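> what follows is a predicted structure for the sequence shown.
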Amino acid sequence: MSPTVLGRVTGPEELKKLSPEELPALAGRIREFLVDRVCAAGGHLGPNLGVVELTIALHRVFDSPADRIVFDTGHQAYVHKILTGRQDAFGSLRAAGGLSGYPLREESPHDLVENSHASTALSYADGLARAQRLLGEEQRRVVAVVGDGALTGGMAWEAMNNIGGGDRPVVVVLNDNGRSYDPTVGSLAGHLADLRRCRYRGQNLFETLGFAYLGPVDGHDIAAVEQACRLAAGLDQPVVVHCVTEKGRGYAPAENDEADHMHGIGVVDPVTGRSRGGSPPSWTGVFGQELERIAAERPDVVALTAAMLRPVGLHRFAQRFPERVVDVGIAEQHAVTSAAGLAMGGLHPVVCLYATFLNRAVDQIMMDVALHRLPVTFVLDRAGVTGPDGASHHGMWDLALLGAVPGMRVAAPRDPVRLAELLGEAVSAHDGPTALRFPKGGSGPEIPALTRMEGVDILHRTRSRPLDVLIVSTGVLAGAAVRAAEQLAGEGLGVTVVDPRWVLPVDPALVHLASRHRLALCVEDGVRAGGVGTALAQAAADARITTPVHGLGLPREFLSHGDRPGILAEHGLTAQSIAGTALALHGTVAAAHRPAPGAARPAASGAARPSASGTDLTPSPSTDLTRSSSTDLTPSSSTALAPAPDGERTLR
Ligand SMILES: Cc1ncc(C[n+]2csc(CCOP(=O)(O)OP(=O)(O)O)c2C)c(N)n1
Ligand SMILES: CC(=O)[C@@H](O)[C@H](O)COP(=O)(O)O
Ligand SMILES: [Mg+2]
């Protein structure tokens with residue numbers, strides 16, 4: 001096997017020059033390359049090992065980027081990246097500023113769609129094919145590569161309906177590894193299994209819907225896939241090329257991994273396929289265990305997942321209560337409305353999703369659940385900054401979206417103890433929907449409260465000082481907020497840190513607390529605009545409270561990939577930055593209200609005042625105090641500060 005065959009492929013043109021005899025060696029080298037790089041960086045290994053030959057064939061038959069190749073979901077596009085000139089960038093896979101784990105237009109003209117949310121490729125393909133026809137560019141082919149899992153999504157069938165009903169020659173390459181859904185999940189799995197066994201030649205769903213059908217093709221036989229694709233490319237109608245592949249192929253640890261053939265992995269030892277170090281209990285694990293405990297006492301509790309049984313922590317629940325867990329496939333919208341039906345029927349459904357995938361089902365949450373005030377609990381894993389999966393995976397929109405849903409109560413546990421407590425409260429609610437959000441990764445230590453006041457946990461207070469700053473911390477930012485308060489206390493400020501636990505809608509107790517302070521700062525691991533800070537500012541304005549309310553969170557932008565701590569730091573969500581922001585804001589507020597007739601008004605400045613302790617308390621990068629502060633969420637700029645009266649030194 002020539003080690004240089006991979007190095008020679010610097011783009012599709014070079015790939016096309018290889019002889020058929022050289023291709024098995026190329027496939028072997030690509031597999032070695034994938035195992036080496038993905039085990040070192042983490043990422044999607046199994047899906048890519050399964051599409052090596054298929055992707056080689058696609059790039060030899062079609063002429064990308066003139067022909068449009070759209071990868072559904074995009075987690076299986078590593079081989080495509082290798083073949084389109086990006087081998088050298090794999091050392092930085094999924095790291096900040098490095099190669100994205102999904103197609104990314106700025107990386108290459110061969111990348112069309114920046115995705116990760118499944119089941120969209122056929123719709124893109126439909127639109128691209130229509131556009132080409134209208135523009136007279138029909139010599140360009142449109143190819144959608146879609147997995148059997150992605151094909152369980154409703155959008156895929158909305159597109160199939162349109163494509164099959166027309167005569168646009170879209171080529172649908174179905175990458176069927178039979179892995180991404182439980183055969184009991186749906187009837188589609190059974191139909192594909194029948195097609196794989198060449199049965200039901202007279203009852204082919206794709207043909208019935210207006211597609212030509214080529215297959216089943218051995219997806220690891222490059223010549224066979226090439227032949228089928230060339231045939232498909234010559235047809236003047238929509239066509240499905242049904243390729244049968246094996247997820248994780250060619251790497252024993254992935255082939256033998258029962259979970260999902262090493263679908264998505266962290267950093268692992270390439271020899272064993274196992275991670276080298278132990279990791280602390282994950283939020284997901286704590287949740288799964290607690291739901292199982294609750295379900296043992298509450299026969300009405302049922303769980304739903306959209307093709308993510310293990311990733312959302314329901315594996316053990318499913319083993320123990322197989323009748324009480326529903327995996328709907330990649331079908332978040334259906335999951336939500338089906339949960340509404342379960343609730344109408346007298347059960348308490350717990351819909352377990354990644355926060356980013358909640359976006360798919362906002363209308364269903366609003367109209368099918370909330371309008372009917374149904375007791376459905378949404379558990380949003382991977383909320384906030386997720387990290388290496390990038391822009392489409394950060395679960396940063398949920399607070400803003402759910403904040404708009406009438407009757408929705410949202411909780412954000414700060415530690416595993418609160419997760420258990422809040423989950424219990426959520427499934428005890430009978431009069432409307434509830435949601436719980438927590439991030440990706442390890443759950444961390446308990447953060448005890450000093451006291452609980454009207455359901456709000458007081459995490460820190462400086463009793464002997466004036467009440468300068470109220471920090472409202474949401475969820476896991478509590479630890480950073482408390483450390484920030486300790487730094488601020490060292491600077492002579494009186495600071496209170498509270499964790500409302502139920503963050504939306506805003507608890508009136510928070511508004512009252514804000515009124516006792518000169519300044520309120522809300523910190524959240526979500527988009528700032530429309531989040532908890534915005535809601536608190538609105539509630540304060542409605543109550544005619546004049547304390548300025550500032551928000552510290554994520555900007556309304558698509559944030560690229562990197563590691564979670566790095567991204568949080570970049571956006572001012574560390575103890576140091578929270579303290580710096582609070583200090584700077586407090587300085588501005590105090591200066592603005594210092595009566596100094598004749599004295600020059602101090603210019604508002606983004607710089608924190610010099611630190612007595614010598615600590616650099618630079619405000620967060622998102623706090624620009626020289627402009628009308630982008631973080632000032634107080635609705636009316638004319639509101640004046642009303643300091644707490646003298647003597648009001650304790651919380652009430
Ligand atoms: C809307 C949405 N929900 C859930 C997911 C999580 N997810 C990522 S890949 C995947 C399985 C996809 O299966 P398939 O398309 O067959 O690809 P395979 O991994 O088998 O290659 C799922 C459920 C997603 N990406 N998008
Ligand atoms: C493509 C996709 O949506 C999932 O595979 C996701 O990348 C997994 O993320 P986690 O690694 O956080 O489970
Ligand atoms: Mg699959």
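Ah, there it is. Ligands and ions are numbered 1, 2, ... in the order given.
> any residues of this protein in contact with ligand 2? List them.
The chain has residues 73, 75, 116, 263-264, 311, 382, 389, 440 near ligand 2, with proximity defined as Cβ under 6 Å from any ligand atom. In this view, the C-beta of every residue, glycine as well, is placed from N, C-alpha and C.
> possible to save those as JSON lines with neighbour count and distance to Gly526?
As requested, these are exported to JSON lines (neighbours: other Cβ atoms under 10 Å; distance: Cβ to Cβ, whole Å):
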{"residue": "Thr73", "neighbour count": "27", "distance to Gly526": "24"}
{"residue": "His75", "neighbour count": "23", "distance to Gly526": "24"}
{"residue": "Ser116", "neighbour count": "21", "distance to Gly526": "19"}
{"residue": "His263", "neighbour count": "20", "distance to Gly526": "27"}
{"residue": "Gly264", "neighbour count": "17", "distance to Gly526": "23"}
{"residue": "Pro311", "neighbour count": "18", "distance to Gly526": "21"}
{"residue": "Arg382", "neighbour count": "26", "distance to Gly526": "12"}
{"residue": "Asp389", "neighbour count": "22", "distance to Gly526": "16"}
{"residue": "Lys440", "neighbour count": "22", "distance to Gly526": "14"}
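> so which of these sit within strands?
Under the assignment DSSP state E, those contribute nothing to strands.
> overlap between these and the residues near ligand 1?
Among those, the residues lying close to ligand 1 (Cβ under 6 Å from any ligand atom) are 73, 75, 116, 263.
> residues in contact with the second one?
Read it as His75. Residues in contact with His75 (Cβ atoms under 8 Å, 6 or more residues apart in numbering) are 44, 47-48, 101-102, 116, 264.
> who wins on neighbours among the residues you listed?
Pro47 (30 neighbours; other Cβ atoms under 10 Å).
> which residues touch that residue?
With Cβ under 8 Å, 6+ apart, Pro47 has these contacts: 75-76, 147, 247, 263.
> cool, and Val146?
72, 119, 121-122, 156, 172-175.
> at 7 Å what do you get?
By Cβ atoms under 7 Å, 6 or more residues apart in numbering, the residues touching Val146 are 72, 121-122, 156, 172, 174-175.
> repeat for Thr245
Contacts for Thr245 (Cβ under 7 Å, 6+ apart) come out as 50-51, 54, 175-177, 219-220.
> how close does it sit to ligand 2?
For Thr245, the distance to ligand 2 equals 17 Å [Cβ to the nearest ligand atom, to the nearest Å].
> excluding chain neighbours, what is closest to that residue?
In this structure, Thr245 finds its nearest non-sequential neighbour in Gly219, 3.6 Å apart by Cβ to Cβ, 6 or more residues apart in numbering.
> most surrounded residue in the contacts of Val146?
Asp72 (33 neighbours).
> so which of the contacts of His75 is the closest to ligand 3?
Pro47 (7.4 Å; Cβ to the ion).
> need the pLDDT of that closest one.
For Pro47, the model assigns a pLDDT of 98.
> equivalent analysis for the one 4 residues further on, please.
According to the predicted model, the pLDDT of Val51 comes to 98.
> right, and it touches Leu174 too?
No - assessed by Cβ atoms under 7 Å, Val51 is found out of contact with Leu174, at 11.8 Å.
> which bits of the stretch 201-350 of the chain sit near ligand 3?
Of all the residues in the stretch 201-350 of the chain, not one is in contact range of ligand 3 (Cβ under 5 Å from the ion).
> all strands of the stretch 201-350 of the chain, in order?
Counting by DSSP state E, counting those that start in this stretch, the segments of the stretch 201-350 of the chain that form strands are 212-218, 239-244, 301-305, 325-327, 348-354.
> for Gly165, grab the count of nearby residues.
Neighbour count for Gly165, taken as other Cβ under 10 Å: 11.
> now do the contacts for the closest residue to it other than its chain neighbours.
Nearest residue to Gly165, sequence neighbours excluded (Cβ to Cβ, 6+ apart): Gly210, at 5.9 Å. For Gly210, the contact set (Cβ under 7 Å, 6+ apart) comprises 164-165, 238.
> and what of Ala335?
Residues near Ala335 by Cβ under 7 Å, 6+ apart: 304, 306, 328, 351.
> which of these sit farthest apart?
Spatial extent of the contacts of Ala335 (Cβ to Cβ) is set by the pair Val328 and Val351 at 9.7 Å.
> anything in contact with each of the two?
Taking Cβ under 7 Å, 6+ apart as the criterion, Val328 and Val351 both touch 304, 335.
> okay, the two: which has more neighbours?
Per other Cβ under 10 Å, whichever of Val328 and Val351 has more neighbours is Val351, with 31 against 21.
> skipping adjacent residues, who's closest to whichever residue of the stretch 501-650 of the chain sits closest to ligand 3 in space?
Residue of the stretch 501-650 of the chain nearest ligand 3, by Cβ to the ion: His561 (23.2 Å). Distance criterion Cβ to Cβ, 6+ apart; nearest residue to His561, sequence neighbours excluded, is Gly390 at 3.5 Å.
> and the pLDDT at the one you found?
At Gly390, the model reports a pLDDT of 96.
> contacting residues around the residue nearest to Gly329 when sequence neighbours are not counted?
Spatial nearest neighbour of Gly329, chain neighbours left out: Thr152 (3.2 Å); criterion: Cβ to Cβ, 6+ apart. By Cβ under 7 Å, 6+ apart, the residues touching Thr152 are 181, 186, 188, 307, 329-331.
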